[in-house]
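**Q** here you go, sequence then predicted model.
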Amino acid sequence: MTDVPVLQVDELSVSLSGRQVLDHVTFDVRGGEFTGLIGSNGVGKTTLLRTILGLQRPDSGRVLVSGTPLSPRSRSLGYVPQKIVVDPDVPMRARDFVALGLDAHRYGLTRRSPPQRELVEQILHDVDAERFADHRLGSLSGGEQQRVFIAHALISRPKLLLLDEPLANLDPRSVQEIVALLHRVARGYGVAILLSAHEMNALLPVMDRIVYLTGGRAASGTTDEVIRSDVLSQLYGHHVDVLQLHGRVLVVAEPGQDNQDIPQHPTLTLG
Amino acid sequence: MFSGFMVNAWEVGTMVAIVGGVVGFFVVLRGSAFPAHAIPNGAFAGAAGANLLAINPLIGLGVFSFGAALGIGALSRRGRSDAVTALALVMMLALGAAFVSLSTQYEPQIFSLLFGEILGVSSSDLLPVVALGAVCIVAVAMLYRPLLLTSIAPDIAAARGLRPQRFEIAFLIVIACATTMTVPVVGALLIFTLMLGPSAAAQCFTNRAGRAMAGSVAIALVTIWLALACAYESNWPVGFYVSVFSATWYGIGRGYAEWHTRRQVRAAGDSRRSIALTN
């Protein structure tokens, strides 16, 4: 493996209709690593991912993928967007959508070769989607669809997989399953993962690094380096405490502080 | 029924059904029913204008269809095109009304442009219709996979370098092309049913895109053949029969889909019961 990170985000600033969303955001993602992009809703996670993909033009700064600027047709990035609503009437099996990951950019009609079809089977197996592979994409549950979209993105063997809030709107069990699945495929496929979430606790066991985003600015490093009272206080611009409780992390602002930027409000169960 | 002008009608009708089925598959998949309704209506104005200038109606149809497609494509914002489409529709209908009132043509000709007429097809129309139809089919075959992805998951497509907006315009042009060749046969107001009914019905019968498209063509063929035969026998407009049969197929398709889903649910229930028993 080379030393060049798969993703370098360098002093990236982005405005959306005049409002600055990202302010000199800098971080790296290295090959095969699992990186959590953590921040509350509306903090610019989606904008950051879209800028990395080249769908949003930055004001300044740059994005390098494996050391080079992203070309529009580059297939070294896989992407699972936040909300995809698929009409249940759409005549497409989960299996066919995964196969589109191989050749959706190709013009004309070509038959898929036997090795390609085997690849589809293999990846359906790897994401545990064989059970519903012949069902319509639109008839699947949220967790099932996530598996299909992940398979679609993975099948072209990207170096980096970007996932925008894949855990939002899933029940707790599906969250566990998808996190475990991503951890497994990241290892198996040697793909780096950059996953955005507004709640970090489900990701703590699998995250190699964290990018913590608030107020347009980011702190990055291992979770031990970032999820500390001094680092986050500096990022928020006011004092916050980081509490560790039963392997969960709570970020808590002092009473009276405006703490709506703090991305998790876990309920404590006593007893 | 199988001689004289009817030979042209069968040939052109067959081509129209194939194109309607192929293009209609994506019309339904993409939810482009409204543009697919507006463009032919606009094309009516073009045909009326061509009548007025005493030129080939296909030229008028073509100019107005492509104009409408490009206008809707260029002015739609963020994938929303309903307001633009509605305005394009009424503007062109208004122009059509103006052209018709200026024209000295007698009414049946206008009536046939709107509702379709087997007499509307002459031998000289045959070549352009077949050529335009071939262009449509080749275009859809070329765009097939990118168009599938941009239709179902535009965000994923965009991230892969396929720009959904460009595919929208390309597809509107395909609709314009299909409109130009189809209006003289089934009429501007009713062509839309040929793109919609058979495709929507076919999508009820299969989970696979390729089969849905093939089924859409098959149903469109049966529809137009039946419609031509009935129109010949009854002297009613072809478009009337096309619409009635298309809607009927869709009803049958929905019924089948309901029945199929219920059967699956029942089967799932049965297997759950048997698991519970073995436990």
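**A** It's in.
**Q** and B:Val16, how many residues sit next to it?
**A** B:Val16 has 28 neighbours, counted by other C-beta atoms under 10 Å in any protein chain shown. C-beta coordinates here come from the backbone N, C-alpha and C atoms, glycine included.
**Q** which strand or helix spans it?
**A** Secondary structure assignment for B:Val16, by DSSP states H and E: helix B:5-30.
**Q** list the helices and strands that helix packs on?
**A** helix B:33-53, helix B:123-152, helix B:164-186, helix B:191-205, helix B:209-234 (3 or more C-beta pairs under 8 Å, 6 or more residues apart in numbering or on different chains; DSSP states H and E).
**Q** kindly recompute the last result at 10 Å.
**A** Applying 3 or more C-beta pairs under 10 Å, 6 or more residues apart in numbering or on different chains; DSSP states H and E, one finds that helix B:5-30 contacts helix B:33-53, helix B:123-152, helix B:164-186, helix B:191-205, helix B:209-234, helix B:238-278.
**Q** for the record, mean pLDDT for the third one?
**A** In other words, helix B:164-186. Averaging the model's pLDDT scores along helix B:164-186 yields 88.
**Q** same question for the fifth one.
**A** Model confidence over helix B:209-234 averages 93 on the pLDDT scale.
**Q** same check on the last one?
**A** Per-residue confidence for helix B:238-278 averages out to 79 on the pLDDT scale.
**Q** give me the phi and psi for the residue minimising distance to the centre of chain A.
**A** Centroid-nearest residue in chain A, with C-alpha atoms, centre = their mean: A:Leu195, separated by 2.0 Å. Main-chain torsions, A:Leu195, degrees, to the nearest 10: phi -120, psi 130.
**Q** of the helices and strands packed on helix B:5-30, which stretch is the most buried?
**A** Across the helices and strands packed on helix B:5-30, averaging neighbours per residue (mean count of other C-beta atoms under 10 Å in any protein chain shown) puts helix B:191-205 on top, at a mean of 27.
**Q** now do the residue nearest to the centre of chain A against A:His183, distance only.
**A** Relative to A:His183, A:Leu195 is positioned 10 Å away (C-beta to C-beta, to the nearest Å).
**Q** got any residues that touch both of these two?
**A** Common contact partners of A:Leu195 and A:His183 (C-beta atoms under 10 Å, 6 or more residues apart in numbering or on different chains): A:34, A:203, A:206-207.
**Q** let me see the contact set for residue 30.
**A** Reading this off chain A. Each residue near A:Arg30 by C-beta under 10 Å, 6+ apart is listed here: A:1-8, A:192, A:208-209.
**Q** not quite, I wanted chain B
**A** Counting by C-beta under 10 Å, 6+ apart, B:Arg30 touches B:36, B:147-148, B:150-152, B:154, B:167-168, B:171.
**Q** looking at the helices and strands packed on helix B:5-30, which is nearest to A:Val90?
**A** A:Val90 sits nearest to helix B:123-152 of all the helices and strands packed on helix B:5-30, at 6.1 Å, using C-beta to C-beta.
**Q** hmm, that closest one touching chain A?
**A** Yes - Helix B:123-152 is in contact with chain A by C-beta under 10 Å from any C-beta of the partner chain, via B:138, B:140-152.
**Q** next structured bit after that helix?
**A** helix B:154-159.
**Q** what's in contact with that next one?
**A** By C-beta under 10 Å, 6+ apart, helix B:154-159 touches A:49-50, A:52-55, A:77-84, A:97, A:100-101, A:104-105, A:149, A:152-153, A:162, A:164, B:30, B:79, B:146-151, B:153, B:162-165, B:167-168.
**Q** buried subset of the residues you listed?
**A** A:49-50, A:52-54, A:77-81, A:84, A:97, A:100-101, A:104-105, A:149, A:152-153, A:162, A:164, B:30, B:146-151, B:153, B:162, B:164-165, B:167-168 (16 or more other C-beta atoms under 10 Å in any protein chain shown).
**Q** could I get the full set of strands for chain A?
**A** A:7-16, A:19-29, A:34-38, A:60-65, A:68-69, A:77-80, A:160-164, A:192-197, A:209-214, A:217-221, A:240-245, A:248-253 (DSSP state E).
**Q** closest to chain B out of the ones you listed?
**A** Set against chain B and scored by C-beta to the nearest C-beta, the strands of chain A come closest in strand A:77-80, at 3.9 Å.
**Q** distance from the chain centre to the closest one, please.
**A** Distance of strand A:77-80 from the chain centroid (C-alpha atoms, centre = their mean, to the nearest Å) equals 9 Å.
**Q** strand partners (parallel or antiparallel) of that strand?
**A** Strand pairing for strand A:77-80, using DSSP bridges, gives strand A:160-164 (parallel).
**Q** picking up where we left off before, among the contacts of A:Arg30, which one sits closest to B:Leu53?
**A** Closest to B:Leu53, out of all of the contacts of A:Arg30 and judged by C-beta to C-beta, is A:Leu7, at 60.4 Å.
**Q** could you list the domains of chain A?
**A** For chain A, the structural domains run A:1-76+A:158-271, A:88-153, going by automatic domain parsing.
**Q** redo those as JSON lines? Include mean pLDDT.
**A** Listed next are the domains of chain A as JSON lines, based on pLDDT from 0 to 100:
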{"stretch": "domain A:1-76+A:158-271", "mean pLDDT": "85"}
{"stretch": "domain A:88-153", "mean pLDDT": "93"}
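**Q** among these, which is nearest B:Pro57?
**A** Using C-beta to C-beta, the nearest of these to B:Pro57 is domain A:88-153, at 33.0 Å.
**Q** quick check, that closest one touching chain B?
**A** Yes - counting by C-beta under 10 Å from any C-beta, chain B is contacted by domain A:88-153 at A:88-97, A:99-110, A:134-139, A:149, A:152-153.
**Q** can you get me the start-to-end distance on that domain?
**A** End-to-end span of domain A:88-153 (C-alpha to C-alpha, to the nearest Å): 21 Å.
**Q** could you check how far A:Leu70 is from B:Leu221?
**A** For A:Leu70, the distance to B:Leu221 - C-beta to C-beta - is 46 Å.
**Q** could you do A:His183 as well?
**A** 52 Å.
**Q** one more: B:Ala229?
**A** B:Ala229 is 13 Å from B:Leu221, where distance means C-beta to C-beta.
**Q** repeat that for B:Arg208.
**A** Taking C-beta to C-beta, one finds B:Arg208 at 19 Å from B:Leu221.
**Q** what residues sit buried inside the longest helix along chain A?
**A** Longest helix in chain A, counting residues (DSSP state H): helix A:172-189. Going by neighbour count (16+ other C-beta under 10 Å), the buried part of helix A:172-189 is A:174-175, A:177-179, A:181-183, A:185-186, A:189.
**Q** for stretch A:3-19, same thing?
**A** Residues of stretch A:3-19 classed as buried by neighbour count (16+ other C-beta under 10 Å): A:5-9, A:12-15.
**Q** using PDB, write down the CA coordinates of it.
**A** Taking C-alpha atoms only, stretch A:3-19 is exported to PDB below (Å, rounded to 0.1, in the frame of the first residue of the first chain):
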ATOM      1  CA  ASP A   3       1.600   6.300   1.600                       C
ATOM      2  CA  VAL A   4      -0.600   8.600  -0.400                       C
ATOM      3  CA  PRO A   5      -4.000   9.000   1.300                       C
ATOM      4  CA  VAL A   6      -7.000   7.900  -0.800                       C
ATOM      5  CA  LEU A   7      -8.600  11.200   0.100                       C
ATOM      6  CA  GLN A   8      -7.000  14.500   0.900                       C
ATOM      7  CA  VAL A   9      -9.300  17.400   1.800                       C
ATOM      8  CA  ASP A  10      -7.100  20.500   1.900                       C
ATOM      9  CA  GLU A  11      -8.300  23.800   3.300                       C
ATOM     10  CA  LEU A  12     -11.700  23.400   1.700                       C
ATOM     11  CA  SER A  13     -14.200  26.300   1.900                       C
ATOM     12  CA  VAL A  14     -17.700  26.100   0.400                       C
ATOM     13  CA  SER A  15     -20.600  28.500   0.400                       C
ATOM     14  CA  LEU A  16     -24.100  27.700  -0.600                       C
ATOM     15  CA  SER A  17     -26.100  30.700  -1.900                       C
ATOM     16  CA  GLY A  18     -23.800  33.200  -0.100                       C
ATOM     17  CA  ARG A  19     -23.700  31.400   3.200                       C
END
